[in-house]
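Participant: here's a sequence, model it:
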Amino acid sequence: MTDLLTIRDTAISLKHPERVYINGEWVLPAGGSTLAVIDATTEEAFYRTAETTPADMDAAIAAARDAFDNSPWPFMEPVERAVYLRRIAERLRERAQEAATFWTRQTGPTFRMAVGSISRVPNLFEYYADVAETYPWATQDSPEFAAFGAVVNEPVGVVGAIVPWNTPLSLAAYKIAPALLAGCTVVVKAPPEAPGELWILAEIAEEVGLPAGVLNIVNGHRNVSEQLVRDPRVDKIAFTGSSQVGRQIASVAGARLSRYTLELGGKSAAVVLDDYDLATAAAAISQQECSINGQVCMSLTRVIVSQHRHDELVDALASTFGSVTVGDPFDPETQLGPLALAKQQQSVLGYIEQGVADGARLVTGGRRPAHLERGWFVEPTVFANVDNNSTLAQEELFGPVLSVIPAENEEHAVELANATQYGLNNAVFTDDVERAYQIARRLRSGTVGHNGFKTDTRMGFGGFKQSGVGREGGIQGIAPYLESKTVLLDGTPARFQ
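Facilitator: Numbers count the residues shown, from 1 in each chain. From the prediction side, this is the model:
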């Protein structure tokens, strides 16, 4: 592999960074404007990208609508559409390092982590390609008032997919892969702060011959996102982002009875039971909090432990998380890179100030690293004796900040873990697998891991409460892109005989 420290100097290889991908073509944005994409480490412009206008979004929606209504795409057999998914996976695998470079420079995760994570994205496309042969697209039944009956699953229609800047490619893949397999057409609204990986995906869509209008990729700010959500030509919205925006989308979608799935924020808990080794727990929690520098909705930022073990766990976390190497994400020695945006750095530092003001004890970190003059860095931070009702414990920070919360006992620990508006992810740390399962069943979240942060693309992912509506990934991830239809006939079609 090329020396990691020289990769930042490699010229970008996007063919059309200042255009948008609509109806199978690269077109200049109607307004002719571009946006600067900033390197999170150097605070300098990385490249310029198109700025999508309402006219561009209108064209993208029109292309997707026409492709769904007037092309063979929705009526192809799923195994035929799966061929395109496999081609996309193959090309994504070939360009994984390139995509990882964009991700690291735009958002700040360490390059080694970015390469590993993006290398798994092709697996998701291949997973859904495999499902094409086993999913119950049509199921024969025994109707009471007809000679033949079947329930068939058909594509929901035009999908508007909106993804945030923290992990745009993988989050888009969770939406695009099942939507394409189902026979939907898609308009992806990429984040203007980090569009590079999705521009690579658009280039791949063109290379593999995906029919015009089936996949359209634009970027833009809130106005074009709202346009996509409100447009009656769009049948379904698939959104990943904040719970605040998710509520607004649900309100608009509800008013026009369009379909939607929402993967929203989290304030996840790591519940450390009394039988578990604290040094081991601290190492696991610290390691996962380095992932994308804490900019992960599933991050285990609330650490709940018995009162009599609180101080010992705080010391262990201060040792492990406090000693994390912060710096250039292309340096192989770095464990924690910068935050993605200047405003995100300011937000996280503001939450830290609020935590101190509210009475939590700042144990380590809490500032911009003194040795780094440029880049949107925040030191790995640990708070002790955090009140579970405080801002620090209740609001999503999206940064490298851990809050240790004392519990009276195991029952109280579960109560504290559930005492939040969110319900995306949790974890229970114990050597007893039976206790782990029992506690997991009581934790109100879409995912529960054992002895660490865990997720699996082949299983459904989503949240309880204000962490979302619906599921992505796995077999469950196909259903939101389908509508079921009951067909009753006077005879049996050949394909069912």
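Participant: thinking Leu488 is in contact with Glu144, fair?
Facilitator: No: if you go by C-beta atoms under 8 Å, Leu488 and Glu144 don't touch, sitting 9.7 Å apart. The C-beta positions use only the backbone N, C-alpha and C, and glycine is treated the same way.
Participant: please identify the helix or strand for the residue most central in space within the chain.
Facilitator: Compute the mean C-alpha point of the chain, and by C-alpha atoms, centre = their mean the closest residue is Leu171, 3.9 Å away. Assigned by DSSP states H and E, Leu171 belongs to helix 168-182.
Participant: can you list the residue ranges for helices in the stretch 201-350 of the chain?
Facilitator: Taking DSSP state H, counting those that start in this stretch, the helices of the stretch 201-350 of the chain run over residues 222-230, 243-256, 278-289, 307-320, 342-357.
Participant: shaky segments in this structure?
Facilitator: Counting by pLDDT under 70, the ranges of the chain that qualify are 1-5.
Participant: quick one, strands of the stretch 101-250 of the chain?
Facilitator: Taking DSSP state E, counting those that start in this stretch as the criterion, the stretch 101-250 of the chain contains strands spanning 138-141, 148-155, 158-162, 185-189, 215-218, 236-240.
Participant: tell me if Val487 really is in a strand.
Facilitator: Yes: using DSSP: H, G, I helix; E, B strand; the rest coil, the assignment for Val487 is a strand.
Participant: show me what contacts the closest residue to it other than its chain neighbours?
Facilitator: Nearest non-adjacent residue to Val487, counting by C-beta to C-beta, 6 or more residues apart in numbering: Ala150, 5.0 Å away. By C-beta atoms under 8 Å, 6 or more residues apart in numbering, the contact set of Ala150 is Ala138, Thr139, Gln140, Asp141, Thr486, Val487, Phe496.
Participant: make a markdown table from these and add neighbour count to it.
Facilitator: Output for the contacts of Ala150, formatted as a markdown table (neighbours: other C-beta atoms under 10 Å):
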| residue | neighbour count |
| --- | --- |
| Ala138 | 15 |
| Thr139 | 12 |
| Gln140 | 15 |
| Asp141 | 13 |
| Thr486 | 11 |
| Val487 | 15 |
| Phe496 | 11 |
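Participant: turn the residues you listed into CSV, including distance to Ile475.
Facilitator: Output for the contacts of Ala150, formatted as CSV (distance: C-beta to C-beta, whole Å):
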residue, distance to Ile475
Ala138, 16
Thr139, 14
Gln140, 20
Asp141, 20
Thr486, 21
Val487, 22
Phe496, 23
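Participant: which pair of those residues spans the longest distance?
Facilitator: Thr486 and Phe496 (14.4 Å; C-beta to C-beta).
Participant: show the end-to-end separation of stretch 204-219, please.
Facilitator: Start-to-end span of stretch 204-219 (C-alpha to C-alpha, to the nearest Å) is 17 Å.
Participant: distance from that stretch to the middle of the chain?
Facilitator: A distance of 21 Å separates the centroid of the chain from that of stretch 204-219, by C-alpha atoms, centre = their mean, to the nearest Å.
Participant: pull out the buried positions in it.
Facilitator: For stretch 204-219, burial by neighbour count (16 or more other C-beta atoms under 10 Å) applies to 204-206, 208, 210-219.
Participant: that older thread, of all the strands of the stretch 101-250 of the chain, which lies closest to Asp274?
Facilitator: Using C-beta to C-beta, the nearest of the strands of the stretch 101-250 of the chain to Asp274 is strand 236-240, at 36.1 Å.
Participant: ok now that closest one, how far from the chain's centre?
Facilitator: Between the centre of strand 236-240 and the centre of its chain there are 12 Å (C-alpha atoms, centre = their mean).
Participant: adjacent strands (with direction) for that strand?
Facilitator: Next to strand 236-240 in the sheet, as set by DSSP bridges, lie strand 158-162 (parallel), strand 259-263 (parallel).
Participant: now, of the ones you listed, which is deepest in the fold?
Facilitator: Among the strands paired with strand 236-240, strand 158-162 has the highest mean neighbour count (mean count of other C-beta atoms under 10 Å), at a mean of 28.
Participant: how many neighbouring residues does Ala440 have?
Facilitator: Number of residues near Ala440 (other C-beta atoms under 10 Å) recorded here: 17.
Participant: give the contact list for it.
Facilitator: Residues near Ala440 by C-beta under 8 Å, 6+ apart: Asn426, Val428, Val448, His450.
Participant: mind listing what the third one touches?
Facilitator: Which is Val448. The contact partners of Val448, taken as C-beta under 8 Å, 6+ apart, are Asn425, Asn426, Ala427, Val428, Ile439, Ala440.
Participant: and the one helix or strand it maps to, how far out from the chain middle?
Facilitator: Using DSSP H and E, Val448 sits in strand 447-450. In terms of C-alpha atoms, centre = their mean, the centre of strand 447-450 is set 17 Å apart from its chain centre.
Participant: stretch 461-476 now?
Facilitator: The answer for stretch 461-476 is 11 Å, by C-alpha atoms, centre = their mean.
Participant: so which residues make contact with that stretch?
Facilitator: With contact meaning C-beta under 8 Å, 6+ apart, stretch 461-476 is reached by 124, 131, 135, 174-175, 178, 238, 243, 246-247, 250, 260-266, 297, 420-425, 444-447, 455-460, 477, 479-480.
Participant: give me the buried subset of these.
Facilitator: Among these, the ones that count as buried by 16+ other C-beta under 10 Å are 124, 131, 135, 174-175, 178, 238, 243, 246, 250, 260-266, 297, 420, 422-425, 444-447, 457, 460, 477, 479-480.
Participant: so Val272 makes contact with Val303?
Facilitator: Yes: between Val272 and Val303 a contact is recorded at 6.8 Å, counting by C-beta under 8 Å.
Participant: who touches both of the two?
Facilitator: In contact with both Val272 and Val303: Leu313, using C-beta under 8 Å, 6+ apart.
Participant: ok so, going back, measure the residue nearest to Val487 to Val208 for me?
Facilitator: From Ala150 across to Val208, the span is 32 Å (C-beta to C-beta, to the nearest Å).
Participant: how far out from the middle of the chain is the host helix or strand of Glu483?
Facilitator: Using DSSP H and E, Glu483 falls within strand 482-489. Centre-to-centre, strand 482-489 and its host chain are 32 Å apart (C-alpha atoms, centre = their mean).
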